[in-house]
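J.: Using only what follows, build the 3D model:
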Amino acid sequence: MATTFELRVEMEDGTTYDVVADQRDVARFEVQDFGCSSSVLMSRISTAYRFMAWSALTRRGEITLKWAEFDATCVEVIDMPDDEESASPADAEDPGQPGPSEVTS
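T.: Alright, predicted model coming up:
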């Protein structure tokens, strides 16, 4: 399991943040009443991403919102792709299966 998460946060007012959550933020999520062990993180991934983003942003002093305020005004948190290649779908340039060629006899 990765020990860092590169997250992009979009707030209700249009503000966006890019932040890296690390093992400190994962551990902080695990001990919340709504948290879970990192071994089953995918079962609560949306909540985990939101909480870890909030934790990292507050730890770094980028926001001062309490968790409940952040959760109420955060529109979305996504895991940013590692590189440009993975940012677009694998089939973005692939036209798919071409139609059968005309056969002339």
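J.: Look at Ile63 and tell me its secondary structure.
T.: coil (DSSP: H, G, I helix; E, B strand; the rest coil).
J.: Now the residue nearest to it when sequence neighbours are not counted: phi and psi?
T.: Distances taken as CB to CB, 6 or more residues apart in numbering place Leu57 nearest to Ile63, at 4.5 Å, with adjacent residues excluded. No exception for glycine: its C-beta is placed from N, CA and C like everyone else's. Note on Leu57: its backbone torsions stand at phi -60, psi -40 [degrees, to the nearest 10].
J.: Surely Leu57 and Asp18 touch.
T.: No. Counting by CB atoms under 8 Å, Leu57 does not reach Asp18; the two are 10.1 Å apart.
J.: Mutual contacts of these two, please.
T.: Counting by CB atoms under 8 Å, 6 or more residues apart in numbering, the shared contacts of Leu57 and Asp18 are Val9.
J.: Between these two, which has more neighbouring residues?
T.: Taking other CB atoms under 10 Å, Leu57 and Asp18 do not tie; Leu57 has more neighbours (21 against 10).
J.: Quick check: the more buried one vs Val20, distance?
T.: 10 Å (CB to CB, to the nearest Å).
J.: and what of Glu76?
T.: Distance, Glu76 to Val20, using CB to CB: 17 Å.
J.: Over to Ala48?
T.: 15 Å.
J.: Looking at those two, which has the bigger crowd around it?
T.: The neighbour count for Ala48 versus Val20, taken as other CB under 10 Å, is higher for Ala48 (24 against 14).
J.: Noted, bye for now.
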